[in-house]
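In: Requesting a structural model of the entry that follows:
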Amino acid sequence: MKNKKGTSRGRNVSAFNASSFVHKATARREGEAASGARGDRLSKLPDDILLNILERVDTLEALRTCILSKQMLKLCTMLSRFDINVGSLSLYRKARLDTTPRLVWYNNAVAGVTENVLSARNVEIPIRELWVKFFLRRDEFLSISKAVARAMATQKVDDAEFVLLTETACLNCTHADLLCHAKKFNSWFGDCAAAFAGLTRLWLRNMRFGELDIPNILSTCKRLESLRLSYCDAGVCSVLQLEHAQLVELHIDLGKFEAVQLNCLPKLQRVNYTCWTYQDPLTFGSVPQLSKLSLVNIGISSTKNLQLSELLAEVPWIKDLRLDFKSEKIWVLPECPKLLAPVLGELQIVNLDNLPEACDIAWTMFILEAAPSLKELRIMLWDHLCKMVTNKDRRMKNGYCEKANVEWQPSAADFKHKNLVKLTIYGFQPDENFVRYVRRVMEVAVNMEEISLYDREVCECCGDLERSIQVCPSRYPRTSEEKDMLREEITKELRISSPSVIHFRS
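Out: Next up, the predicted model:
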């Protein structure tokens, strides 16, 4: 018979299930400890070392270990880091989260563990980290949130994070699913404002909010330092405007925003935006501390090429830039140094990830020409075939481009770069494209200290592709003789550079 009061009975069931699970899961370990000296060796270690070990694993594993001996049971109340993950429960049970009964059971267990460990711990020991990952279900949502709120009211909590999952996976979510998830979250969010007000990190997935919902969430989460929105938006072609006094890190993945406006974020340092759909991904207002920007997109024929001189015009102090092309179209436009230098003057690290393997990489020199402070350049070329659309008909239907080289002309033959000290290339092959490029970089980077050349990335899943998909075998040098010959070939026309700076790392 269903209890009309709901949450109290739910918490008791959760606690019972979690306790039962922990005892059953540790039975085998107790037998192993009884037959050997493993338990005794652990118990003899000082408490501070034991705690350091226990706090490096997830909380469920730590609890199982503490039950090995009576001497270690007291350590459960002294933990200061908590990693409570609904996914780890499925690993211990060796069962997938693919049915509603299992999902409910695991979510109840997470709620029970969260409530028990937070209520039983020594309140004089601050909580340094609290990380809880669970499914968006009413009883467990309220139980976990209220347990965390009580802990925040009675104990010092330095860092607290909620990661919310939905029962419907992102790729299977319909418009109605996204609206339903957001409606559920909003309806329970108000009842748990105390917990969210103390969160420092929040990860939401698969929700389509109203226009004012995300600003309302931010205004409640006053301590929030990190926000991640995956498959979240406020409707197709909506505009997200962000203001927050404490936010340091922002991740946006696969939303349908027409624009994301970072209006006033005085402490924002890192931004990661994956797969935007419409115009330029971001506009920058007051973000005086922004130093790291990562942009990831799958370019198709309709994807607008980004002009860094326009995108970064209001943030000329970026120091770390990452562009990931997902093995498809190059969607950044090489520009002349006169346009780019004013916005890349403080840039020190650049990562260009997942360039198509057939791409001539000479165009990437435009960044060196415009970024005089650049110290490190990393380039990865990889056709990650098991993650790509390989069917020709599907590629044509969805607007994927044939791989094409990027047109670019060097601005000055006598250009020299004084600060670049490290070049790293993943996916190196001993052909003219790479040899000419490495030689050119060595020629212009007069203070180069290290060039690291790696073979292509290897993915086990890519080995199971259809036979019709032809993969060119790697010709990466293997023997010492091959590597020495290639070093000499790269540097033979250079008077000053030494072959010893070139390292073959694979």
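In: which residue ranges form the strands in the stretch 351-500 of the chain?
Out: For the stretch 351-500 of the chain, the strands defined by DSSP state E, counting those that start in this stretch occupy 376-381, 422-426, 450-454.
In: Partner strands of the first one and their direction?
Out: The reference is to strand 376-381. strand 349-355 (parallel), strand 422-426 (parallel) (DSSP bridges).
In: buried residues in the longest one?
Out: Applying a neighbour-count criterion of 16 or more other CB atoms under 10 Å, one finds Ile349, Val350, Asn351, Leu352, Asp353, Asn354, Leu355 buried in strand 349-355. All C-beta spots, glycine's among them, are computed from the backbone N, C-alpha and C.
In: what does that strand contact?
Out: 296, 319-327, 330, 361, 364, 367, 371, 374-382, 384, 427 (CB atoms under 8 Å, 6 or more residues apart in numbering).
In: what is the mean pLDDT for stretch 243-258?
Out: Confidence over stretch 243-258 (mean pLDDT, whole number) is 96.
In: Give me the residue ranges of the stretch 351-500 of the chain where confidence is low.
Out: 403-404, 463-470, 496-497 (pLDDT under 70).
In: Now do the helices in it.
Out: 365-370, 392-397, 432-444, 480-491 (DSSP state H, counting those that start in this stretch).
In: Ok, which of these comes nearest Leu60?
Out: helix 392-397 (41.9 Å; CB to CB).
In: Run the chain-centre distance for the closest one.
Out: Centroid separation for helix 392-397 versus its chain: 30 Å, with CA atoms, centre = their mean, to the nearest Å.
In: Tell me the confidence at Ile217?
Out: Listed pLDDT for Ile217 reads 97.
In: hmm, back to that, among the strands paired with strand 376-381, which is nearest Asn398?
Out: Among the strands paired with strand 376-381, the nearest to Asn398 by CB to CB is strand 349-355 (18.1 Å).
In: how many other residues sit next to Thr479?
Out: Neighbour count of Thr479, defined by other CB atoms under 10 Å: 8.
In: heads up, I number from 368, so please use that
Out: Yep, numbering from 368; the last one is Thr846 now.
In: Distance check, it against Leu853.
Out: Look at Thr846 and Leu853: by CB to CB, to the nearest Å, they are 11 Å apart.
In: likewise Leu421?
Out: To Leu853, Leu421 is 49 Å away according to CB to CB.
In: and what of Ser586?
Out: As judged by CB to CB, Ser586 and Leu853 stand 58 Å apart.
In: Same drill for the two, tell me which one is more crowded.
Out: Leu853 (21 against 13).
In: quick one, what contacts that one?
Out: Residues in contact with Leu853, defined by CB under 8 Å, 6+ apart, are Pro797, Val802, Pro844, Ile869, Phe871.
In: Determine which two of these are furthest apart.
Out: Greatest spacing in the contacts of Leu853, by CB to CB: Val802 and Phe871 (13.1 Å).
In: Neighbour count for these two, which is higher?
Out: Neighbour tally, Val802 and Phe871, criterion other CB under 10 Å: the higher count belongs to Phe871, 19 against 15.
In: list the contacts for the more buried one?
Out: Phe871 makes contacts with Leu820, Tyr843, Pro844, Lys850, Leu853, as judged by CB under 8 Å, 6+ apart.
In: Neighbours of the nearest residue to the third one once chain neighbours are set aside, how many?
Out: The spatial neighbour of Pro844 that comes closest, neighbours along the chain excluded (CB to CB, 6 or more residues apart in numbering), is Lys850 at 4.7 Å. Neighbourhood size, Lys850 [other CB under 10 Å]: 18.
In: wait, isn't Lys850 in contact with Tyr843?
Out: No - checked against CB atoms under 8 Å, the pair Lys850 and Tyr843 is beyond contact range at 9.6 Å.
In: Which positions in stretch 850-866 come out as buried?
Out: Counting neighbours by 16+ other CB under 10 Å, one finds that the buried residues in stretch 850-866 are Lys850, Leu853, Arg854, Ile857, Thr858, Ser864, Pro866.
In: Now do the one helix or strand Ser676 maps to: which elements does it pack against?
Out: According to DSSP states H and E, Ser676 maps onto helix 675-678. Helices and strands touching helix 675-678, by 3 or more CB pairs under 8 Å, 6 or more residues apart in numbering; DSSP states H and E, are helix 704-711.
In: now the angle between strand 716-722 and the helix it packs on, please.
Out: Note on geometry: by axes from the mean of the first three to the mean of the last three CA atoms, to 10 degrees, helix 704-711 and strand 716-722 are set 110 degrees apart in direction.
In: if we look at helix 704-711, which residues are touching it?
Out: The contact list for helix 704-711, computed with CB under 8 Å, 6+ apart, reads 675-676, 679-680, 682-683, 685, 733-734, 736-739, 741, 778.
In: Figure out how far it is from the centre of its chain.
Out: The chain centre lies 29 Å from the centre of helix 704-711; the measure is CA atoms, centre = their mean.
In: Same check on stretch 632-645?
Out: 12 Å.
In: now do the same end-to-end measure for that stretch.
Out: Start to finish, the residues bounding stretch 632-645 are 23 Å apart (CA to CA, to the nearest Å).
In: which parts of stretch 588-608 are buried?
Out: By neighbour count on 16+ other CB under 10 Å, the buried set for stretch 588-608 is 588, 590-602, 605, 607-608.
In: Which of those residues fall in helices?
Out: Among the buried residues of stretch 588-608, no residue falls in helices (DSSP state H).
In: The residue lying closest to Asp600 once chain neighbours are set aside: neighbouring residues, count only.
Out: In space, and not counting its chain neighbours, Asp600 is closest to Gly622: 3.9 Å by CB to CB, 6+ apart. Using other CB under 10 Å, Gly622 is surrounded by 23 other residues.
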